[in-house]
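Visitor: I would like the atomic coordinates for the input below:
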Amino acid sequence: MAFAKRFIGAQLLLSTCLALSGIAEAQSDQPTGPLSVAYQQALLNDPTFLTAEQQLQVGLQSKAIASAFLRPRVDFVGSASSIYQDVSSDFFGGFTEHYIGWAAQLQVTGPLWHRELKAIVQRGDSQETLAQTQFALAGQLLVQRLSEAYFDLLASRAELDYANGEVKSVNEELRSTRIRYNAGAIARTGLDEARARSDIAEAAVISATTLVENANDALREIIGFNPDVSIDDLPNVPTSLSPRTPQPEKLSAWLDRAMQGNLEIMQARQQAALQLTEIAIARAELSPRLDYSAQLGVSDQSQSMVGQERYANEVGLQLTVPIYAGGGRDANIRVAEANRNTAEANVRRVQARVQLNTQRTYRQIQTLKRRDTALAKAITSAKSALAATRAGYDAGSRTLADVLDAKLRLLAAQRDAALLRYEYLRSSIALQQLVGELGPGELRRLDQLVVSNNGEEQAMAQLQTRPTVAKEFRVIETVRPPSTGAQTTPLPFNLELQRNR
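Guide: Numbering: from 1, shown residues only. Presented below is the predicted three-dimensional model:
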């Protein structure tokens with residue numbers, strides 16, 4: 001168990017450094033980028049993260065609760081009673097009396113030897129460690145959910161831009177068709193077809209607008225419905241962004257990093273280690289227990305004809321030897337062992353899922369890189385085709401419908417390229433989370449990417465290649481941004497690190 005404790009502590013140290021690296025950087029300066037500002041709001045308003053924060057506070061009490069079993073318990077017991085009694089005695093004769101009696105006692109009790117005490121303390125340590133890992137995972141998922149909501153919003157706006165462009169082009173064709181119909185150059189059927197095409201395009205705008213509104217609501221759910229925080233002018237990702245191959249390039253390297261640093265795997269391992277302490281506690285129920293007690297008491301029934309004042313000091317030992325409990329103790333052991341087996345199976349399940357998701361995300365990035373190359377060629381070809389079609393229209397060999405189709409193909413290719421950029425950034429964030437290296441620092445790098453095109457090279461290089469833990473991690477003092485008149489909430493991770501576990 002000592003090795004397991006050191007192993008868990010070492011893993012927690014690594015996960016804490018990786019998962020929360022960059023918070024100190026984010027708090028050293030006032031946030032200026034859109035994602036950094038949104039992150040500060042999310043820390044204060046996201047319901048999922050706030051729930052995890054309170055669950056952390058609960059978990060941090062596990063060790064204190066476990067340690068309490070080792071310490072004496074001191075109680076003061078006092079009582080007072082009004083007594084009516086009818087006494088018949090050969091010595092005193094018969095009488096009836098009413099009097100007030102009282103008693104006070106100071107009790108000290110505690111364990112001398114309980115086999116399960118060591119396991120209970122180890123369980124408290126494991127629960128505290130698990131709570132911190134769960135909170136670190138919640139922090140990572142907050143960064144991932146926030147960035148995904150941001151890119152989903154940008155993607156929905158790209159769809160709306162395409163729909164508006166289609167409406168504009170189709171309406172131009174409709175106006176031209178109406179002029180030709182009024183001049184008697186075409187039949188009524190041509191005008192009806194143009195109107196139908198315009199109505200379909202208008203319906204597409206309505207659907208795209210709804211997508212934007214839904215994406216707005218999803219982002220607002222994370223950052224809070226604060227009217228002072230505007231999300232209407234969020235910058236787009238620059239069109240010059242090109243997907244890159246993840247660094248390192250070998251998939252095996254990413255799989256190794258995922259197996260070592262993924263917080264879900266770490267959490268599952270800690271849950272399995274926690275079940276080992278439950279087994280030890282269940283088995284200890286079969287062992288004898290030795291407790292001590294001490295009492296200092298006084299009682300007064302002197303108002304009674306046969307009463308007395310009594311002062312008593314008592315010190316004692318109590319030995320409890322379990323003999324038979326209806327089979328419940330053996331059943332508890334079997335339950336604990338079954339839970340241990342379940343937890344170990346869950347470790348294997350989580351490892352397989354993380355490995356599969358890492359492979360899929362890595363391949364997705366590779367696929368997006370190849371698709372980006374193909375779309376770049378498609379955009380170039382669509383521009384050339386549009387120019388040629390317009391030239392043919394001016395020469396009388398092409399119709400306005402041909403120009404419209406060429407223009408829509410170009411708009412569709414540009415939209416697909418924009419959606420690909422957002423999907424690439426989502427996949428890059430997901431890959432960082434899978435290997436346990438996602439932190440608020442990624443949001444600052446994304447801000448650098450979307451705010452200034454000049455920072456694209458540096459931002460993308462940093463997005464997939466993180467600095468070493470020793471250089472990036474600093475002692476964190478607060479989890480919430482400081483505000484005027486509000487107290488900051490201490491971040492509990494530094495408490496664990498200071499113990500050098």
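Visitor: rest of the way, CA atoms for contacts and neighbours
Guide: Noted.
Visitor: residues near K250, how many?
Guide: Each residue near K250 was counted by other CA atoms under 10 Å, and the total is 11.
Visitor: I misspoke; the intended subject was A183.
Guide: Per other CA under 10 Å, the neighbour tally for A183 reads 9.
Visitor: how far away is it from E173?
Guide: 15 Å (CA to CA, to the nearest Å).
Visitor: leaving out chain neighbours, which residue sits closest to Q55?
Guide: A131 (7.4 Å; CA to CA, 6 or more residues apart in numbering).
Visitor: and whichever helix or strand the one you found is part of, what does it pack onto?
Guide: Counting by DSSP states H and E, the element that carries A131 is helix 117-182. Other elements packing on helix 117-182 under the criterion 3 or more CA pairs under 8 Å, 6 or more residues apart in numbering; DSSP states H and E are helix 2-20, helix 34-45, helix 47-59, helix 62-68, helix 188-223, helix 263-284, helix 400-434, helix 440-451.
Visitor: swap the cut-off to 6 Å and go again
Guide: Taking 3 or more CA pairs under 6 Å, 6 or more residues apart in numbering; DSSP states H and E as the contact definition, the neighbouring helices and strands of helix 117-182 are helix 47-59, helix 62-68, helix 188-223, helix 263-284, helix 400-434.
Visitor: JSON lines for those, including mean neighbour count, mean pLDDT and distance to V347?
Guide: Listed next are these as JSON lines, based on neighbours: other CA atoms under 10 Å; pLDDT from 0 to 100; distance: least, CA to CA, whole Å:
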{"stretch": "helix 47-59", "mean neighbour count": "17", "mean pLDDT": "93", "distance to V347": "21"}
{"stretch": "helix 62-68", "mean neighbour count": "16", "mean pLDDT": "91", "distance to V347": "23"}
{"stretch": "helix 188-223", "mean neighbour count": "18", "mean pLDDT": "92", "distance to V347": "30"}
{"stretch": "helix 263-284", "mean neighbour count": "22", "mean pLDDT": "94", "distance to V347": "5"}
{"stretch": "helix 400-434", "mean neighbour count": "21", "mean pLDDT": "92", "distance to V347": "15"}
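Visitor: of the ones you listed, which approaches L112 most closely?
Guide: The closest approach between L112 and any of those, judged by CA to CA, belongs to helix 62-68 at 13.7 Å.
Visitor: quick one: contacts for L443?
Guide: With CA atoms under 6 Å, 6 or more residues apart in numbering as the criterion, the residues that contact L443 are L35.
Visitor: if we use 8 Å, what do you get?
Guide: Each residue near L443 by CA atoms under 8 Å, 6 or more residues apart in numbering is listed here: 35-36, 143, 147.
Visitor: okay but Q355 is in contact with A258, surely?
Guide: Yes: assessed by CA atoms under 8 Å, Q355 is found in contact with A258 at 7.2 Å.
Visitor: which one's more surrounded, those two?
Guide: Set side by side, Q355 and A258 show more neighbours around A258, with 25 against 20, by other CA under 10 Å.
Visitor: name the element that one belongs to?
Guide: A258 is part of helix 251-261, with elements assigned from DSSP H and E.
Visitor: who touches that helix?
Guide: Helix 251-261 is contacted by residues 14-15, 248, 265, 351, 354-355, 358-359, 362, 434-437 when judged by CA under 8 Å, 6+ apart.
Visitor: max-length strand in the chain?
Guide: When the chain is parsed with DSSP state E, its longest strand is strand 93-113.
Visitor: identify each buried residue in it, please.
Guide: When burial is assessed from 16 or more other CA atoms under 10 Å, strand 93-113 yields the following buried residues: 101, 103-105, 107-112.
Visitor: how many residues are close by N341?
Guide: The burial count assigned to N341 is 15, neighbours taken as other CA under 10 Å.
Visitor: specify the local secondary structure of G78.
Guide: What DSSP: H, G, I helix; E, B strand; the rest coil gives for G78 is strand.
Visitor: where does this structure have low pLDDT?
Guide: Applying pLDDT under 70 to the predicted model, the residue ranges of the chain that meet it are 1-32, 89-94, 227-230, 305-307, 451-501.
Visitor: mind checking the helices and strands packed on helix 117-182 for the one nearest to A163?
Guide: Nearest to A163 among those is helix 188-223; the distance by CA to CA comes to 5.2 Å.
Visitor: quick one: work out the angle between the closest one and helix 400-434.
Guide: Regarding helix 188-223 and helix 400-434, their directions subtend 20 degrees when assessed with axes from the mean of the first three to the mean of the last three CA atoms, to 10 degrees.
Visitor: can I assume L438 sits in a strand?
Guide: No: checked against three-state DSSP, L438 lies outside a strand; its state is coil.
Visitor: grab the nearest non-local neighbour of it.
Guide: Spatial nearest neighbour of L438, chain neighbours left out: Q432 (5.0 Å); criterion: CA to CA, 6+ apart.
Visitor: likewise for I281?
Guide: Nearest residue to I281, sequence neighbours excluded (CA to CA, 6+ apart): E116, at 5.0 Å.
Visitor: quick one, phi psi at R115?
Guide: Dihedral angles phi and psi of R115 (degrees, to the nearest 10) take the values phi -60, psi -30.
Visitor: contacting residues for it?
Guide: R115 makes contact with 284-285, 287-289 under the criterion CA under 8 Å, 6+ apart.
Visitor: can you do 6 Å?
Guide: A284.
Visitor: how near is it to R340?
Guide: When distance is defined by CA to CA, R115 is 20 Å away from R340.
Visitor: how about A352?
Guide: A352 sits 19 Å away from R340, going by CA to CA.
Visitor: now swap in L130 and tell me
Guide: Applying CA to CA, one obtains 16 Å for the distance of L130 from R340.
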